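A.B. asks: Can you look at this prediction? I've put the sequence above it.
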Amino acid sequence: MAATAITNATLTRNTWTAFPAVAASDATDGILITPSKPDGQLLIYCQNADGSNAETVVIKGGYFKPFAAGDLSLSFAASAVKVIAIETGKYLQSSGKIKMTGSADVKVSVIELP
């Protein structure tokens, strides 16, 4: 299967924006996030839709050295919700996208910060 492509919500200062819909991770290929700028910031919302088991998501480390960061892993409890703000440049792949992995129980939405 193909990775789940996430549609980002882009915030504008002093303007209300609807919270973006969550999308399930593809269990095999994960999630692809396409930031609109390579040096921006994203707020990533992760929800564990499994009410019985903990889940793990990984934001894959970036490609562009020396600024790239390594993999960023999060293990979270059943039914938990977590958010993280990241710098896009540290996690960009050579494709210009950010790759995340997780089971189909992981639901994600992304907000680009101004």
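C.D. replies: Structure's in. What do you need?

A.B. asks: which residues pair with the residue nearest to the spatial centre of the chain across the strands?
C.D. replies: For the chain, the residue nearest the mean C-alpha position is residue 44 (4.8 Å; C-alpha atoms, centre = their mean). Bridge pairing for residue 44 (DSSP bridges) gives the partners residue 84, residue 110.

A.B. asks: contacting residues around it?
C.D. replies: 33, 59, 83-86, 100, 108-110 (C-beta atoms under 8 Å, 6 or more residues apart in numbering). C-beta here means a position set from N, CA and C on the backbone, and glycine is covered the same way.

A.B. asks: Ok, residue 60 next?
C.D. replies: Residue 60 is in contact with 71, 91, 93, 98-101, counting by C-beta under 8 Å, 6+ apart.

A.B. asks: next one: residue 103
C.D. replies: Contact analysis of residue 103 by C-beta under 8 Å, 6+ apart lists 25, 27, 50, 55.

A.B. asks: so is it in a helix, a strand, or just coil?
C.D. replies: What DSSP: H, G, I helix; E, B strand; the rest coil gives for residue 103 is coil.

A.B. asks: swap in residue 89?
C.D. replies: Of the three states, residue 89 takes helix according to three-state DSSP.

A.B. asks: Surely it and residue 42 touch.
C.D. replies: No - using C-beta atoms under 8 Å, residue 89 makes no contact with residue 42, being 10.8 Å away.

A.B. asks: Pretty sure residue 53 sits against residue 105.
C.D. replies: Yes - here residue 53 reaches residue 105: they are 7.5 Å apart, a contact under C-beta under 8 Å.

A.B. asks: Specify which residue of the two has the higher count of neighbours.
C.D. replies: Using other C-beta atoms under 10 Å, the more surrounded residue of residue 53 and residue 105 is residue 105, with 18 against 11.

A.B. asks: Quick check: the more buried one vs residue 79, distance?
C.D. replies: Taking C-beta to C-beta, to the nearest Å as the measure, residue 105 falls 10 Å from residue 79.
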